[in-house]
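Enquirer: Sequence and predicted model, in that order:
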Amino acid sequence: DSGVTQTPKHLITATGQRVTLRCSPRSGDLSVYWYQQSLDQGLQFLIQYYNGEERAKGNILERFSAQQFPDLHSELNLSSLELGDSALYFCASSALGGRDYGYTFGSGTRLTVV
Amino acid sequence: AQKITQTQPGMFVQEKEAVTLDCTYDTSDPSYGLFWYKQPSSGEMIFLIYQGSYDQQNATEGRYSLNFQKARKSANLVISASQLGDSAMYFCAMRPLDRGSTLGRLYFGRGTQLTVWP
């Protein structure tokens, strides 16, 4: 167990639907990052939150949104789903500011859009 | 802009042999960290090793070592005494350490699929 919890592990849904992916960071980590991994795009950074505030935004579609709650867990909302949104979605956490800190990744949510 | 290049889509190595996975990077940031991650077929991302751009010595973690050549902007991963369980996708990543709002995010290469055969 890495300490970062992602739920659900697998999700199958139809095009046009909306889903919510959840992430609980490792204890003490204030920063949460979302990544999308697909075969054609590789690992794409979506968005970063630090202590409840959006810190950086990457290649996140307008149909996607995220937030980090006061208890530091984060949710990634994906709406109007398309077949191309099928991917492995990772959440990671880190202690922002530590020069030698890497990420701790969750085990991912595998989303399949049919 | 940051760019990580892994030129080897796939590598094969026999068990107990050493293997080097290549990684080059491009950045204008004066201070950065370099990471290697392993992703087995089960999908999780496993941290292997870290090298800071300010570190004078190459990082080592058990059977993993990082051959850091700053002037050439390369950060190759060396796995010694390969084991069957090393078969996985390996990702090189970089993190700028001194940049404002992007502090913390990782930039990934496309990965190298390593297969260890008996």
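Expert: Right, received. Where do you want to start? Since we're looking at a predicted model, the values are computed, not measured.

Enquirer: got the residues of chain B near chain A?
Expert: Residues of chain B lying near chain A by C-beta under 8 Å from any C-beta of the partner chain: B:33, B:35, B:37, B:42-47, B:50, B:52, B:91, B:95, B:97, B:101-111. C-betas here are computed from N, CA, C, even on glycine.

Enquirer: Quick check: A:G84 is in a helix.
Expert: Yes - secondary structure assignment places A:G84 in a helix (DSSP: H, G, I helix; E, B strand; the rest coil).

Enquirer: ok, back up a step: which among the residues of chain B next to chain A count as buried?
Expert: B:33, B:35, B:37, B:43-45, B:47, B:50, B:52, B:91, B:95, B:97, B:102-111 (16 or more other C-beta atoms under 10 Å in any protein chain shown).

Enquirer: Low-confidence bits of chain A, can you list those?
Expert: Per-residue confidence for chain A (pLDDT under 70) gives these ranges: A:96-102.

Enquirer: oh sorry, the question was meant for chain B
Expert: Short version for chain B, where the test is pLDDT under 70: B:98-103.

Enquirer: Spell out, range by range, the helices that occur in chain A.
Expert: Along chain A, no stretch is classed among the helices by DSSP state H.

Enquirer: Show me which residues of it are close to chain B?
Expert: A:2, A:31, A:33, A:42-43, A:45, A:48, A:50, A:55-56, A:58, A:88, A:90, A:92, A:94, A:96-97, A:99-100, A:102-108, A:110.

Enquirer: which residues touch the closest residue to A:S79 other than its chain neighbours?
Expert: Spatial nearest neighbour of A:S79, chain neighbours left out: A:R18 (4.2 Å); criterion: C-beta to C-beta, 6 or more residues apart in numbering or on different chains. Residues near A:R18 by C-beta atoms under 8 Å, 6 or more residues apart in numbering or on different chains: A:N77, A:L78, A:S79, A:S80, A:L81.
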